[in-house]
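A.B. asks: what's the 3D shape of this:
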Amino acid sequence: MPHPAAPFPMTRPRRLRRTDWMRRLVRETRLSVDDLIWPVFVVDGENQRQPIPSMPGVERVSLDLIGQLANDAAGLGIPCMALFPYTDPSVKTPEAEEAWNPDNLVNRATREVKRQVPDIGIMLDVALDPYNSDGHDGLVRDGVILNDETLMALEKQALAQAEAGADILGPSDMMDGRVAIIRQALEQNDFSDVAILSYAAKYASAFYGPFRDAVGATGALKGDKKTYQMDPANTDEALREVAIDLSEGADMVMVKPGLPYLDICSRVKREFGVPTYAYQVSGEYAMIQAAAQNGWIDGQRAMLESLGAFKRAGCDGILTYFAREVATLMAEEAAEL
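C.D. replies: As a prediction, this is how the structure comes out:
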């Protein structure tokens, strides 16, 4: 515990806030471009830039443009991109077979990025919801999301993604046992260097709506995801989920959403001391952007303050749609020094 301070006026905390240089000198946490993972949405076609109305400033881009974005990211120092597909409804099926198609959209996008920018990291989600006609992360029978049957599909999906060149796999499905199945498959198929960043504490949240717009899943979901995503009221359960995923071979863990669950981020980092990430999800991004566009808040300051909150809570990194914007801002500030 901090020792008690001397009484006023011997102690004046404002002394350390008096000037910009002093505030920088005593700053406890710092946001860096090295903390950022940039989620990007990919769509089929050519020369496509499709704005996502519920996520102002975010677009779906076609494969011929994905290399340009990757070059931009690498030039700004962003270490990693997370690619998400906009899947045509015609290839969505109850068995989600497109998930492990070697030539599905996200696998082609991965190969294209690696061809043009081999040194940038690529993260891919392991979950069936972009490909499942029921909109669920797992296979569905008579309204029930099947756990063990889904694991077999996730194993095939993970191997297809590793073969395409993904550096990090993010199991986001919240099926029991999925990290162990994926880790074992990677080890047995000579993909031992592929890392697993598990969505270990993923909550059944109201903040995912704009993302579903972005990947074309809005309206497809039958029912809800409460039987596999976590109850927002629970904290101890999150620690159990993290412990399980680490025991099964996860290299890193994630809390999702981010800002509403900073307490979980903090507890996970303190308890386990492993690389801990948060996903500043689409709803969090959309709220800041919408308020900024209406002139209700200073968007840039709100962006930086929200990202700083993750670092203050102990996160090692953040998946954020603000990644390019904040990296550009940091580069401009560095150029001025």
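
A.B. asks: Backbone dihedrals for the residue nearest to Gly57 when sequence neighbours are not counted, both of them.
C.D. replies: What sits nearest to Gly57 in space, not counting adjacent residues and going by CB to CB, 6 or more residues apart in numbering, is Gln289, at 6.1 Å. Yep, even glycine has a C-beta here, placed from its N, CA and C like the rest. Backbone geometry at Gln289, expressed as degrees, to the nearest 10, gives phi -70, psi -40.

A.B. asks: isn't Gln289 right next to Met55, touching?
C.D. replies: Yes. Counting by CB atoms under 8 Å, Gln289 does reach Met55; the two are 7.3 Å apart.

A.B. asks: bridging residues for Ile145?
C.D. replies: Applying DSSP bridges to Ile145 gives these bridge partners: Val140.

A.B. asks: please renumber so the chain begins at 58
C.D. replies: Got it, the first residue is 58 from now on, which makes the last one we talked about Ile202.

A.B. asks: mind listing what it touches?
C.D. replies: By CB atoms under 8 Å, 6 or more residues apart in numbering, Ile202 lies in contact with 193-196, 284-285.

A.B. asks: And the furthest pair within these?
C.D. replies: By the measure CB to CB, Leu196 and Thr284 form the most distant pair in the contacts of Ile202, at 13.0 Å.

A.B. asks: Neighbour count: the two, which is higher?
C.D. replies: For the pair Leu196 and Thr284, the greater number of neighbours falls to Leu196 (23 against 14), based on other CB atoms under 10 Å.

A.B. asks: Quick one: residues contacting that one.
C.D. replies: Applying CB under 8 Å, 6+ apart to Leu196 gives the contacts 151-153, 185, 189, 202-203, 206-207, 210.

A.B. asks: Tell me how far it lies from Asp288.
C.D. replies: Between Leu196 and Asp288 the computed distance is 22 Å (CB to CB, to the nearest Å).

A.B. asks: where does the stretch 258-394 of the chain have low pLDDT?
C.D. replies: Filtered on pLDDT under 70, the stretch 258-394 of the chain yields the residue ranges 394.

A.B. asks: now the strands: where do they sit in it?
C.D. replies: Taking DSSP state E, counting those that start in this stretch, the strands of the stretch 258-394 of the chain run over residues 309-313, 333-337, 374-377.

A.B. asks: tell me what the shortest one is packed against?
C.D. replies: The criterion is 3 or more CB pairs under 8 Å, 6 or more residues apart in numbering; DSSP states H and E, and the helices and strands that strand 374-377 contacts are strand 93-100, strand 333-337, helix 356-369.

A.B. asks: can you check the first one too?
C.D. replies: Using 3+ CB pairs under 8 Å, 6+ apart as the contact test, the elements touching strand 309-313 are strand 252-259, helix 293-304, helix 319-329, strand 333-337.

A.B. asks: what's in contact with that strand?
C.D. replies: Here strand 309-313 makes contact (CB under 8 Å, 6+ apart) with 225, 227, 229, 252-260, 262, 295, 299, 302-303, 318, 321-322, 325, 329, 331-336, 338, 372-373, 376.

A.B. asks: partners of that strand, with directions?
C.D. replies: Under the criterion DSSP bridges, strand 309-313 sits next to strand 252-259 (parallel), strand 333-337 (parallel) in its sheet.

A.B. asks: just the shortest one next, same as before
C.D. replies: According to DSSP bridges, strand 374-377 forms sheet pairs with strand 93-100 (parallel), strand 333-337 (parallel).

A.B. asks: quick revisit: ok, now how distant is the residue nearest to Gly114 from Phe379?
C.D. replies: Taking CB to CB, one finds Gln346 at 9 Å from Phe379.

A.B. asks: for Glu212, same thing?
C.D. replies: Distance from Glu212 to Phe379, by CB to CB: 33 Å.

A.B. asks: between these two, who's got more neighbours?
C.D. replies: Between Glu212 and Phe379, counted using other CB under 10 Å, the more crowded position is Phe379 (25 against 19).

A.B. asks: Run through the residues that contact the nearest residue to that one once chain neighbours are set aside.
C.D. replies: Once flanking residues are discounted, Phe379 sits nearest to Met360: 5.1 Å by CB to CB, 6+ apart. Going by CB under 8 Å, 6+ apart, Met360 touches 345, 379, 382-383.

A.B. asks: Let me have those in CSV, extended by distance to Ala221.
C.D. replies: Formatted as CSV, the contacts of Met360 follow (distance: CB to CB, whole Å):
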residue, distance to Ala221
Ile345, 33
Phe379, 27
Glu382, 28
Val383, 28
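
A.B. asks: from those, which is closest to Trp95?
C.D. replies: Distance to Trp95, by CB to CB, is smallest for Phe379 among the contacts of Met360, at 8.8 Å.
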